[in-house]
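# here's a sequence, model it:
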Amino acid sequence: MSMKKNGKESGSGGVVPPPRWVKTSGAMVGGVVEACMLQPLDVLKTRIQLEGNGLGKTASTMFRNEGPRSFYKGLTPFVTHLVTKYSVRWYFNEFYREFFRDEKTGKVSTFGGFAAGLGSGLTEAVLIVTPFEVVKIRLQKQKGSTNLHYHGPVDCVQKIVRNEGVRALWKGNLPTMARQGINQLLLFGSYDYLKKGVFNLERNDPISSHQSLVIGIIAGALGPLCNNPFDVAKTRLMAQETQAGQTPRYRGTIHCISSIWREEGARALMSGCMMRIIRVAPGMGITFVCVEKVSSILAPPPQ
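The predicted structure is shown next:
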């Protein structure tokens, strides 16, 4: 295995892969579209994990007590978060694929595709996801529309740093790394595998929007099914506010998961899983459609 300087991946149906910036740009467009369409589902998922109620009760309580705008709490950091995260995710997936490209054939094996996704997920967790998720969750967990502790993302960051220290922005980093690593391992590896297995198309071959949407949704659903306990732990760790010298309720990933298991039962570790699938899977379908469409426009295959 080695890295090719030219970044060309031959043997992919004769189609030269687009530059990294092309797919990265498509992913950023997908992040904007996804955030605006699916933000209410993300808010509901967070509330369900923090409060333990079902979807219907959570949604009706929010609508009745806080109004319809409450479903878009944290939209600004969510859009910024998705656009930034997807730019890192797609860029580094393409970057890591180069390490797994065979220098003789120019191809990346199935294992290499999954491994590149894992590396991409771990990278985005540290650089982008954890601090953005901390701010998003602190904003989303607030109830009502008056007497709020945090008045927007900038105010939230300032208060977290002032009261809890800079390291508080990386609360829950380990479960976030586990969640994102598993997510992207399954996401990128499965998407390419399904594109070939279902539609007999190579990775860089053009694909219709409805085909990309279908396999993107399937690939996007696999991660939440496999890593939900880490997502619950991440949410609990990020949501807890601690002052200097104060002992937090959850002292780390393992302690959080074991405490939830002991105090609330195993089902609590799967809370919000269905909401994650409903939110994440269509989001990945939308983003893959945007990536494929932007790639076809900015780097159309030769006729």
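
# in this structure, which spans are helices?
Applying DSSP state H to the chain gives helices spanning 20-51, 55-66, 75-97, 110-124, 130-140, 153-164, 173-199, 209-239, 253-264, 273-298.

# who wins for proximity to residue 103 among these?
Closest to residue 103 of the helices of the chain is helix 110-124 (Cβ to Cβ; 12.5 Å). For every residue, glycine as well, the C-beta is placed using N, CA and C.

# give me the contacts around that closest one.
For helix 110-124, contacts defined as Cβ atoms under 8 Å, 6 or more residues apart in numbering pick out 1, 85, 88-90, 92-93, 96-97, 99-101, 108, 177, 180-189, 192-193.

# quick check, pLDDT for the closest residue to residue 26 other than its chain neighbours.
In space, and not counting its chain neighbours, residue 26 is closest to residue 294: 3.2 Å by Cβ to Cβ, 6 or more residues apart in numbering. For residue 294, the model assigns a pLDDT of 94.

# was I right about residue 294 contacting residue 31?
No - the pair residue 294 / residue 31 is not scored as a contact, 11.9 Å apart, by Cβ atoms under 8 Å.

# my guess is residue 213 contacts residue 288, does it?
Yes - between residue 213 and residue 288 there is a contact under Cβ under 8 Å: 7.3 Å.

# just want to know which of these two has more residues nearby.
residue 288 (28 against 18; other Cβ atoms under 10 Å).

# ok now do that one, which residues does it touch?
Each residue near residue 288 by Cβ under 8 Å, 6+ apart is listed here: 30, 191, 212, 213, 215, 216, 219.

# show me which pair in the residues you listed is furthest apart.
Applying Cβ to Cβ across the contacts of residue 288, the maximum distance is between 30 and 215, 14.7 Å.

# and the two? Which one has more around it.
More crowded of residue 30 and residue 215, by other Cβ under 10 Å: residue 30, with 27 against 23.
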